[in-house]
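Asks: Need coordinates for the following:
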Amino acid sequence: FNIVYTPKAGRLSGNAAGLGAFKTALVLMGIIKTNVMSAPMLSLDKDETAAIKVILERTGLI
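Replies: Numbers count the residues shown, from 1 in each chain. Have a look, this model is predicted:
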């Protein structure tokens, strides 16, 4: 089954949540250095980053 990240309602747009989760996963996997997003999109916060880390751990990617 697929494990999908779902952001806190209302904090991020769908685009920012999707791209932010992807960039955060790449950072956690050591592929890129930062998950900073272009303005006006927000980057994931520490709780959202922790949620991405759990998904990566469950799927064996980290």
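
Asks: what are the ranges of the helices in the chain?
Replies: Using DSSP state H, the helices found in the chain span residues 14-28, 46-58.

Asks: How many residues are close by I52?
Replies: I52 has 21 neighbours, counted by other Cβ atoms under 10 Å. Where C-beta positions appear, they are placed from N, C-alpha and C, glycine not excepted.

Asks: Quick one: residues contacting it.
Replies: Applying Cβ atoms under 8 Å, 6 or more residues apart in numbering, one finds that I52 lies in contact with Y5, A21, T24, A25, L28, L44.

Asks: Which pLDDT value belongs to the last one?
Replies: Here the pLDDT value assigned to L44 is 89.

Asks: What's the separation between the residue nearest the centre of the chain and I55?
Replies: Centroid-nearest residue in the chain: A21, 2.1 Å away (criterion: Cα atoms, centre = their mean). Noted for A21: a distance of 9 Å to I55, by Cβ to Cβ, to the nearest Å.

Asks: So the residue nearest to the centre of the chain sits against L44, correct?
Replies: Yes. Judged on Cβ atoms under 8 Å, A21 makes contact with L44 at a distance of 6.8 Å.

Asks: Check the gap between the closest residue to I32 other than its chain neighbours and G10 for me.
Replies: Spatial nearest neighbour of I32, excluding adjacent residues (Cβ to Cβ, 6 or more residues apart in numbering): L26 at 4.6 Å. Per Cβ to Cβ, L26 is found 25 Å from G10.

Asks: Much appreciated, bye for now.
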